[in-house]
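Q: How does the following fold in three dimensions:
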Amino acid sequence: MNTTSAIRLTRLKKRAKTSSRRRYVPQRTCIGCRQVQGKREMVRVVRTPDAGVQIDETGKRSGRGAYLHRNGACWEAALKKERLVHALKTTLTPEELAALQAYAALFPVSQDVAADVESN
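A: Predicted coordinates for the structure are as follows:
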């Protein structure tokens, strides 16, 4: 075996080792049911200094944020029990509340998560 073949073989072994590593997944807590899940599987609600409270689908908008599952029970608990108001450290205007309730209506209520929300 010549030196170039040995170098190629070494590089292939290094690639095989690095590809087996697990990728880091940021974890966030849902303010509705208090369960921890991956950041990308949740919806972020953000309070911005200039635009007020908004839905942040990308999760990258600057401002104070809170995370909720894509489940109607979590949204209902967060809006009804004022968990969202507490997490964002603000008060919601009637327009913002109506927009959040309309967005929450898009998600079905999962019974297993609804039971967890009621226990919290």
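Q: contacts, neighbours, all on C-alpha from now
A: Will do.
Q: low-confidence ranges in this structure?
A: Within the chain, the stretches with pLDDT under 70 are 1-2, 12-20, 112-120.
Q: what are the ranges of the helices in this protein?
A: 3-19, 72-80, 83-88, 94-104, 111-119 (DSSP state H).
Q: how close does residue 74 get to residue 22?
A: The gap separating residue 74 from residue 22 is 30 Å, by C-alpha to C-alpha, to the nearest Å.
Q: wait, residue 28 sits on residue 67?
A: Yes. Using C-alpha atoms under 8 Å, residue 28 is in contact with residue 67, at 6.9 Å.
Q: Settle it for me: which of those two has more neighbours?
A: Neighbours of residue 28 and residue 67, each counted by other C-alpha atoms under 10 Å, are more numerous for residue 67; the result is 28 against 19.
Q: how near is the more buried one to residue 54?
A: Taking C-alpha to C-alpha, one finds residue 67 at 12 Å from residue 54.
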